[in-house]
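K.L.:
here's my sequence, what's the structure:
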Amino acid sequence: MEAIEFGTDGWRATLDVFTAERVRAVGQAVATYLDDEGIDGAVAIGYDARETSPGFAKELARVVCANGRDVLLPERDCPTPLVAWAIQDRDLAGALVVTASHNPPDYNGVKFIPSDGAPALPAVTDAIEARLAEPSPRPEAEWGRVHEVDFVTPHADHALELVDGSLDGLTVAYDAMHGSGRGVTDALLERAGADVRRLRCDRDPDFGGVPPEPSEAHLTELIETVESGPADLGIANDGDADRLAVVTPEGFLDENLFFAAIYDYLLEEASGPAVRTVSTTYLIDRIADAHGEQTIEVPVGFKWVAGAMAEHNALIGGEESGGFTIRGHVREKDGVLMALLAATAAAEQPLEDRVRGLLERFGEVHQDKVSVACADDRKSVVVDGLSDTLPTEIGGVGVESVNDADGFKILLDDGSWLLVRPSGTEPKLRIYAEGSTPARVSALLSAGETLVEPHLDVD
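P.N.:
As a prediction, this is how the structure comes out:
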């Protein structure tokens, strides 16, 4: 049981660790937690397109049913946000989703989504971890039943009500990366009127040999399709379609700039603050300030975004890795809904034109990140070591302040910043930087690597 640890977004591990026995223990822990908390109702169990995911989902279903609860299973592998919406739509006790999201195919994972449809907070995942145990079935006469249901249509109906606009005349290239967005995101765009050109919309449990991470390096064909003209816009989802990437005729659109463009678009008809993670661009703050709105900064992890959205009735919440949601929807990142919103905004004004206008108004913004290998048991050692060695200046620019809410975010006098934080899903440290030029960002990232290097191998 000690191998099971819920991180930023559930428990993920390679398949030598992520075993059926441990998955059953998670199922039992969730069933016990729901009983102890007096939370009634059925449980949804979703899964992604990985080879092992349907089997693990069935193991979870058996355990939850043997604890006296009905289980709702999708008709096939299913985007995580559709499962989250089903919780709210069907008034469920919660959901389990078997997914390793963007990780390579030799990983799998499981996450628990509580009854509000938002990511589980640490108090909940700690309570589940404390209840890990072998299955303890009730008498067979008390077992629940498994029901196969449609999770796609209710989510699509809601999305089209929430994002009201026509995509007639817009051609969208959609890349599912062989993941669970296939037949879902593309179908939603077609329902809204778009002409959709499909890329990698067949199921491949190995994702074509490429991790289903919608980064620029993994979207070559999509970028070429949009840049060469057959499509007005390109959209890709990650493996479980809770995140998205966007391509315009000018190329891959940085997720930070997409966030800024969509927030600016929403503010044309609505009002409200934005919630962003510490790793996300300050351009969001500048847009909010210009509209008399507030920006709330939270640690990395969509659970923190979701909590702040509820507290502040935020219009939008997001993170630089491509996860977003909006007011009126479940507070879980949703790459399917956001694909529809991105296309709707682009149909009114090309996203590249909107971004260009924002940068002309608020100044150039560039951001990048690198990863440094760091074993999980070394992460806290490295971060603790940094606390005594933080610089007073970087590249001749003074340090204005330091935010230690999630690792160390060093804010500099010229408006640039450097962030060093431990990954919650992989054995790595993440180093992020933002500045007014690519050269400035590159220099900051190098400074970040230099900063952490002495601590990586020292006890």
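
K.L.:
centroid-wise, who is the farthest residue in this protein?
P.N.:
Distance from the C-alpha centroid of the chain peaks at A141, with 39.8 Å (CA atoms, centre = their mean).

K.L.:
tell me how far that one lies from G7.
P.N.:
Computed as CB to CB, to the nearest Å, the A141 to G7 distance reads 38 Å. In short, each C-beta sits where N, CA and C put it, glycine included.

K.L.:
can you list contacts of stretch 304-321?
P.N.:
For stretch 304-321, the surrounding residues in contact (CB atoms under 8 Å, 6 or more residues apart in numbering) are 118-119, 121, 243, 255-256, 259, 262-263, 266-267, 270-277, 279-281, 293-294, 296, 298, 300, 302, 323-327, 331-333, 367, 369, 432.

K.L.:
restricted to helices, list those.
P.N.:
E255, N256, F259, I262, Y263, L266, F302 (DSSP state H).

K.L.:
residues contacting the fifth one?
P.N.:
Contact partners of Y263, counting by CB under 8 Å, 6+ apart, are A274, I284, I287, A288, L315, I316.

K.L.:
most neighbours, which of those residues?
P.N.:
Neighbour count (other CB atoms under 10 Å) singles out A274 as the most crowded of the contacts of Y263, with 30 neighbours.

K.L.:
related to what we said a few turns ago, quick check: the residue farthest from the centre of the chain is in a strand.
P.N.:
No - with DSSP: H, G, I helix; E, B strand; the rest coil as the criterion, A141 is located in helix rather than a strand.

K.L.:
next up, the contacts around it.
P.N.:
Contacts of A141 (CB under 8 Å, 6+ apart): none.

K.L.:
how about L72?
P.N.:
So L72 contacts A42, V43, A44, I45, A86, R90, L92, V146, H147, E148, V149 (CB under 8 Å, 6+ apart).

K.L.:
neighbours of the residue nearest to the first one when sequence neighbours are not counted, how many?
P.N.:
Same thing as A42. Spatial nearest neighbour of A42, chain neighbours left out: D70 (4.0 Å); criterion: CB to CB, 6 or more residues apart in numbering. As a burial measure, D70 scores 18 neighbours (other CB under 10 Å).

K.L.:
could I get the buried residue list for the helix or strand that contains A127?
P.N.:
In the assignment (DSSP states H and E), A127 maps to helix 122-130. Within helix 122-130, the residues scored as buried using 16 or more other CB atoms under 10 Å are V124, T125, A127, I128, E129.

K.L.:
between those, which sits nearest V452?
P.N.:
Nearest to V452 among those: T125, at 27.2 Å, using CB to CB.

K.L.:
re earlier: now the helix holding A127: mean pLDDT?
P.N.:
Predicted confidence along helix 122-130 averages 94 (mean pLDDT).

K.L.:
for the next helix or strand after it, packing partners?
P.N.:
Downstream of helix 122-130, the next assigned helix or strand under DSSP H and E is strand 146-149. Counting by 3 or more CB pairs under 8 Å, 6 or more residues apart in numbering; DSSP states H and E, the packing neighbours recorded for strand 146-149 are strand 71-74.
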